[in-house]
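Asker: structural data only, the sequence is not supplied:
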């Protein structure tokens, strides 16, 4: 695959995920958002792109490196545009999947998620941790409110 075609695929994946993040953050309770985010189609599309990029980035000479890499080996491999595009697509699909879980859990449990989703878009694991902390705080607050309500 030429670098120009790789850039097109890279740009496509970056743009492809943005509407889903936008819907979850800006219109979480809209029925269209809920229907779109219930679908697994976006993940299938990204998975197909990932698999294609993965297959195109395989190099028999690098097989030994992938089987037991060092940090330096991985840095060298990820400096190659096909490998980096594959890795980036991996991040996009997994972050979106985690974002979808955060979004759906927020709806189910009535937990505020916009801040966690925005953080997850830019730093997936940090967004996940933020959501876990928000969930813990929300559940504790809800229990306190319920206890105070029962005492009245």
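Answerer: Received, thanks. Computed from a predicted structure; not experimentally measured.
Asker: residues making contact with the lowest-mean-pLDDT helix or strand in the chain?
Answerer: In the chain, no helix or strand scores lower on mean pLDDT, DSSP states H and E than helix 63-67, which sits at a mean of 82. By C-beta atoms under 8 Å, 6 or more residues apart in numbering, the residues outside helix 63-67 that reach it are 73, 77. C-beta coordinates here come from the backbone N, C-alpha and C atoms, glycine included.
Asker: please apply the same query to stretch 23-36.
Answerer: Residues beyond stretch 23-36 that count as contacts (C-beta under 8 Å, 6+ apart) turn out to be 20, 37, 42, 99-100, 103, 106-107, 113-114, 117-118, 121.
Asker: can you tell me which of those residues are in strands?
Answerer: Counting by DSSP state E, the contacts of stretch 23-36 place none of their members in strands.
Asker: and which of these is nearest residue 87?
Answerer: residue 121 (17.1 Å; C-beta to C-beta).
Asker: ok, for that closest one, nearest residue in space, not its chain neighbours?
Answerer: Leaving aside its chain neighbours, residue 121 sits nearest to residue 21 (4.9 Å; criterion: C-beta to C-beta, 6 or more residues apart in numbering).
Asker: the one you found is in contact with residue 99, isn't it?
Answerer: Yes - counting by C-beta atoms under 8 Å, residue 21 does reach residue 99; the two are 6.6 Å apart.
Asker: which residues do the two both contact?
Answerer: Common neighbours of residue 21 and residue 99 are listed as 117, 121 (criterion: C-beta under 8 Å, 6+ apart).
Asker: helices of the protein, start to end?
Answerer: Per DSSP state H, the chain has helices spanning 3-26, 31-38, 41-57, 63-67, 71-77, 81-109, 114-122, 124-151. These are given in chain order.
Asker: check what contacts the third one and list those residues.
Answerer: For helix 41-57, the external contacting residues (C-beta under 8 Å, 6+ apart) are 1, 9, 12-13, 16-17, 20, 36, 80, 82-83, 85-86, 89-90, 92-93, 96-97.
Asker: where does the residue nearest to residue 121 land on pLDDT?
Answerer: At residue 21 the predicted local confidence, pLDDT, stands at 97.
Asker: who are the neighbours in contact with it?
Answerer: By C-beta under 8 Å, 6+ apart, the contact set of residue 21 is 96, 99, 117, 121.
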